[in-house]
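J.: return atomic coordinates for the entry below.
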Amino acid sequence: MNDVNMGNEAMRKEYDFSKGTRGKFYKTKARLNLPVYLDLDVQRFVEQIARNRRSNISRVVNDLLKSDMKLVQSMQ
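T.: As a prediction, this is how the structure comes out:
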């Protein structure tokens, strides 16, 4: 098979999946965590709050968003 150069690694043009198992790693209730990219100023703000609380960034962001959700719901 011919190889296609992809940076430092070579990929074949074709792969043989005939002996593969369909759905081998499929999970019906798999939960995926979405990556969220914060603007630099927002990230610094959240990091400072996390340091002050001795917490982690995920918890702080979740707390802030939940607070905003309650505010929006109260205005409806």
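
J.: going forward, measure contacts between C-alpha atoms and count neighbours the same way
T.: Fine.

J.: quick check: Val60 touching Asn52?
T.: No. Contact between Val60 and Asn52 fails when scored by C-alpha atoms under 8 Å: they sit 10.6 Å apart.

J.: who's more crowded, those two?
T.: Val60 (18 against 9; other C-alpha atoms under 10 Å).

J.: give me the three-state assignment for the most centrally placed residue in the chain.
T.: The residue lying closest to the centre of the chain (C-alpha atoms, centre = their mean) is Pro35, at 2.4 Å. Using DSSP: H, G, I helix; E, B strand; the rest coil, the three-state assignment for Pro35 comes out as coil.

J.: ditto for Asp41
T.: helix.

J.: Gln73 too?
T.: Assignment for Gln73 (three-state DSSP): helix.

J.: distance check, it against Asn62.
T.: Gln73 sits 16 Å away from Asn62, taking C-alpha to C-alpha, to the nearest Å as the criterion.
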